[in-house]
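In: Structure, please.
(chains A and B)
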Amino acid sequence: MHEYSIVEALISRVAEEAEARGAAGVSRLYVKIGALSGVEPDLLASAYELFSERTICAGAELRIERVEERWACSGCGRAVERGAALVCPECARPARLVQGDEIVLERIEMEVP
Amino acid sequence: MCLECGCGDPEIVPVDVHEKILAGNDRAAAHNREHFTSRGILALNLMGSPGSGKTAILEATAPKLRGSFALGAVSGDLATDHDAERLRAAGIPALSITTGSACHLDAAMVHHALHDFPRNKLDIFVIENVGNLVCPAVYDLGQHANVVALSVTEGEDKPLKYPVMFLKADLVLLTKTDLLPHLTGMRIERFEEALARVMPAPKMIPVSTHSGEGLDEWIAWLRERLALRAEHGLHNARQPHAARSASGH
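Out: Have a look, this model is predicted:
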């Protein structure tokens, strides 16, 4: 359940940003979580519910955007479908992950008095 | 203050961050990596399920490297010092990192352990992670390569069930191969097929610390990595490209 430590890092990053801008509160957070990030969005959401209490994020909505995995050939750039071996069907070079491993804080909406 | 209608409500200000949530861990990991690289130490993050044979591999590795390369290790353990004790008994300078309830090591834990580590001259430093196929894959520790131990008794579907762990592996050690004759229908090819579906450019070495199978190939892999250290400097562990571009923000 490393989702708790992800939430801890998230809240401390938000607190830092809110303090720097003299925010009175935080209303909404936007995060991106990739399908191959190793973070489970549902677990992240429940960890956030529990751990945001009595922090600057208390009551702030957590919006999680899920990012699908996408692979492409490391040589020719052609899309490679997951399911079979992760090699290019054309040039046989290994695929690389184009997207899907994000654990990213995109945006904070904060209340500035 | 809301200036639209004069209601006195605070104004909602959007702040774009575009930063990895674990950026703090990544900075600590970069610091560890710099520590290893500047001393010419090859750092490995050894991961795998509880009981997959991580400690046994290191015990079997020590006598093979003795006299040529110095090995050191830290061992992530929820509650005991057993693994580090076994490693010390095998002649490897080793410390435990007791994680309490934490299911993985992070870069700060490794950093603290480095402060306590005996000042031996080392060639290879192995971070034996907490036994777990999920959480450790998420945290960069400052290693140069990820090695995953997967035992034949765990089943060939594990790479498909835990793709993140195997996606980040530079090398998979398929352990306990001496047990294969007892596992009906289990063949090494089935592990290879599963790995190829989640690991680009898959690299797997079947090993048995019981029969000694594959240990020479594993040692050859280590020597190859150490030779790279001399020629080109050390490379980072496999990090998916998408993560690299996100860190550019």
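In: In space, what's closest to the residue nearest the centre of chain B - neighbours in sequence excluded?
Out: Geometric centre of chain B, nearest residue: B:Asn45, 2.5 Å, by Cα atoms, centre = their mean. Excluding the flanking residues, the one nearest B:Asn45 by Cβ to Cβ, 6 or more residues apart in numbering or on different chains is B:Gln143, at 3.9 Å. For every residue, glycine as well, the C-beta is placed using N, CA and C.
In: before we move on, what about A:Cys76?
Out: A:Cys91 (5.3 Å).
In: Where do the helices of chain B begin and end?
Out: Counting by DSSP state H, one finds helices in chain B at the ranges B:23-38, B:54-65, B:82-89, B:107-116, B:158-161, B:163-167, B:188-196, B:215-232, B:241-246.
In: Can you tell me which of those is most buried?
Out: helix B:163-167 (a mean of 23; mean count of other Cβ atoms under 10 Å in any protein chain shown).
In: Output it in CSV with nothing but the alpha carbons.
Out: Output of helix B:163-167 as CSV, limited to C-alpha atoms (Å, rounded to 0.1, in the frame of the first residue of the first chain):
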residue,chain,number,x,y,z
PRO,B,163,3.9,-5.8,-15.3
VAL,B,164,5.3,-2.7,-13.6
MET,B,165,8.0,-4.6,-11.8
PHE,B,166,9.1,-6.5,-14.9
LEU,B,167,8.8,-3.5,-17.2
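In: That one vs chain A: in contact?
Out: Yes - counting by Cβ under 8 Å from any Cβ of the partner chain, contacts between helix B:163-167 and chain A involve B:Pro163, B:Val164, B:Met165, B:Leu167.
In: quick one: contacts for the nearest residue to the second one once chain neighbours are set aside?
Out: If the residues on either side of it in the chain are set aside, B:Val164 comes closest to A:Gly38, at 4.1 Å by Cβ to Cβ, 6+ apart. With contact taken as Cβ atoms under 8 Å, 6 or more residues apart in numbering or on different chains, A:Gly38 is in contact with A:His2, A:Asp101, A:Ile103, B:Val134, B:Cys135, B:Ala137, B:Val138, B:Val164, B:Met165.
In: pLDDT value on B:Leu22, please?
Out: Per-residue pLDDT puts B:Leu22 at 97.
In: Contacts only, for it.
Out: A:Ile6, A:Ala9, A:Ile103, B:Val138, B:Tyr139, B:Asp140.
In: now with 10 Å?
Out: Residues in contact with B:Leu22 (Cβ atoms under 10 Å, 6 or more residues apart in numbering or on different chains) are A:2, A:5-6, A:9-10, A:13, A:37, A:39, A:103-105, B:28-29, B:106-107, B:138-140, B:243, B:247.
In: got the buried residues for stretch A:86-93?
Out: For stretch A:86-93, burial by neighbour count (16 or more other Cβ atoms under 10 Å in any protein chain shown) applies to A:Leu86, A:Val87, A:Cys88, A:Arg93.
In: And for stretch B:87-107?
Out: Buried, per 16+ other Cβ under 10 Å, within stretch B:87-107: B:87, B:90, B:92-97, B:99, B:102-107.
In: I'm done for today, thanks for sticking with me.
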